[in-house]
Structure formats: structure tokens, C-alpha cells
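1. Need coordinates for the following:
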Amino acid sequence: MSPVNYFTNKIEVPEDLKDHKEDLDAAVKNLTESYHAKAEELAKENPTLDVANETFVQGEEKLGNYLKISAKISIH
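-> Residues are numbered from 1 along each chain as shown. Sure thing, here's the model as predicted:
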């Protein structure tokens with residue numbers, strides 16, 4: 001099992017947010033992939049982290065959107 005699948009399978013989502021689980025899984029996938037890409041790059045003599053950083057930002061944005069939705073639902 002890949003690390004991404006391991007983590008997304010372990011995430012418990014409240015019933016009110018079940019429709020948004022795919023969004024959360026996508027955020028975790030981006031964040032996990034960015035860390036793996038950074039590790040691979042840092043093993044190189046001249047690493048460049050631009051792609052890994054962009055993937056991280058995408059994951060961060062997806063997670064932020066999920067948290068905004070979560071906050072709106074929990075307020076009601």
C-alpha cells in the first residue's frame with residue numbers, strides 16, 4: 001500500500017463532510033507527494049524544489065478549502 005493510500009484510508013470524516021472526502025484525500029495526496037518529491041530532490045547534487053513546492057501549495061490550498069467547508073458546516 002502506498003503511503004498516500006495508507007493515510008487517506010485512515011482519515012475519518014464526519015458524516016456531514018462525507019461529500020467532501022475526495023477533496024481531503026486529494027489534499028493529503030498532494031502534501032504526501034510533495035514531501036516525497038522534496039526527499040528525492042534533496043538527494044541530488046543540485047536540487048530544485050520548485051515542482052515539489054508547487055505541489056505542496058496545491059495541497060495546502062485544498063486543505064484550506066476543506067477546512068473552510070468544515071467550519072461552515074459545524075457552525076450550523
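2. Just the element for Asn65, please.
-> Per DSSP states H and E, Asn65 falls inside helix 50-75.
3. which parts of that helix are buried?
-> Ala52, Thr55, Phe56, Gln58, Gly59, Lys62, Leu63, Tyr66, Ile69, Ser70 (16 or more other CB atoms under 10 Å). For glycine as for every other residue, the C-beta is placed from the backbone atoms N, C-alpha and C.
4. Give me the average confidence score over that helix.
-> The predicted model gives helix 50-75 an average pLDDT of 91.
5. Show me what that helix is packed up against.
-> helix 21-42 (3 or more CB pairs under 8 Å, 6 or more residues apart in numbering; DSSP states H and E).
6. in the helix it packs on, what's buried?
-> Residues of helix 21-42 classed as buried by neighbour count (16+ other CB under 10 Å): 23-34, 37-38, 41.
7. circling back to that earlier point, tilt between the helix holding Asn65 and helix 21-42?
-> 150 degrees (axes from the mean of the first three to the mean of the last three CA atoms, to 10 degrees).
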